[in-house]
Structures are given as C-alpha cells and as structure tokens.
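# What follows is a protein structure lacking sequence information:
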C-alpha cells in the first residue's frame, strides 16, 4: 500500500472515530440506531422527526440531475437525501467518492417521508463501513489469520 493510501485510510478512520464519539456524547447510541430499520423509523416518525440517527446503509444510486442520493437498509427500504450544495453538510469530495453497492455508516437527521414512501433525511456525515473494526468473534480461524 502506498503511503498516500495508508495516510488517507488513517485519516478517514480517525474522522469516523471522532464522529462516533461525538454521536455518543450527544446521547445517541450508535448500536441502537443501527438496529433500527427505515420502516421502523417511518412507523414511529413522530418520535424520530428531527433527531439525528446513524445507520449502516448501502448506496443504491446518486442522481446528479435532481441532486438526490438514495441508500437502502438491511430490509431493502430506501433512505433518500438531498445533495443540493446549498443544504449539504458533507464535503463534495465524499459524495464524488461514493460507489454503488458499498456499505456506509450514514449519520443523518430525520426529516420525514420522501418520494415513493421512502425515509427522507438531511445528510450530516458518511463513512465507508469497511473502516469499522471487525469484531474478533466474526474473524476467521486463529483470530483473522489466513490459512
């Protein structure tokens, strides 16, 4: 791995850890919000409206014409965000670097119901999920060492 790639991954991991610790300080439990699905949040929309949530989502597509980005959760329910530069809190470089089908840790504020009964939110931050440490219990034989 080149130095620049390793430095980039290190910086991304550090940013993720800082965001997760900030979320914990705000009283939000990451593990609790990751357990929720978009359907559960929509069913309890009055309770979640305006609250910040962190979820593990996969990128479905980016629509650059209508400035929308759509992710889907583990139950294949869509979560939609507006990526208009006037309201976007995430740097444009992060949006340009996204890949369809990859999993991301997405931090957002619940806004309500979007088009086609999707969950609509205000995107606050996102990081690739592969930057999250894999628990030892889910590693392969001999604590993750290849055979």
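Cool, got the structure. These figures come from a predicted structure and were not determined experimentally.
# Where in the chain is the helix or strand with the lowest mean pLDDT?
The helix or strand of the chain with the poorest confidence is helix 30-35; it has a mean of 47 (mean pLDDT, DSSP states H and E).
# How about residues contacting the helix or strand following it?
Moving toward the C-terminus from helix 30-35, the first helix or strand encountered (DSSP states H and E) is helix 38-43. Outside helix 38-43, the residues that touch it by Cβ atoms under 8 Å, 6 or more residues apart in numbering are 48, 53, 55, 73, 75, 77-79, 110, 113, 117-119. Every residue, glycine included, has its C-beta placed from N, CA and C.
# out of the residues you listed, which are inside strands?
Judged by DSSP state E, those include 53, 55, 78-79, 110, 113, 119 as members of strands.
# which one in these is the model shakiest on?
Ranked by pLDDT, the ones in strands among the contacts of helix 38-43 bottom out at residue 113, which scores 85.
# Okay, and the beta partners of it?
residue 119 (DSSP bridges).
# wouldn't it be in contact with residue 79 here?
No. Applying Cβ atoms under 8 Å as the test, residue 113 and residue 79 come out as separate, 11.2 Å apart.
# Now list whatever residues contact both of these two.
Shared contacts of residue 113 and residue 79 (Cβ under 8 Å, 6+ apart): 119-120.
# how many other residues sit next to residue 130?
13 (other Cβ atoms under 10 Å).
# Please confirm that it is located within a helix.
Yes. Residue state for residue 130 (DSSP: H, G, I helix; E, B strand; the rest coil) corresponds to a helix.
# which residue packs closest to it, ignoring adjacent ones?
Nearest in space to residue 130, with sequence neighbours left out and distances taken as Cβ to Cβ, 6 or more residues apart in numbering, is residue 103 at 7.5 Å.
# For that neighbour, give its distance to residue 77.
15 Å (Cβ to Cβ, to the nearest Å).
# if you count what's nearby, which of these two comes out ahead?
Neighbour count, other Cβ under 10 Å: between residue 103 and residue 77, residue 77 has more, with 18 against 15.
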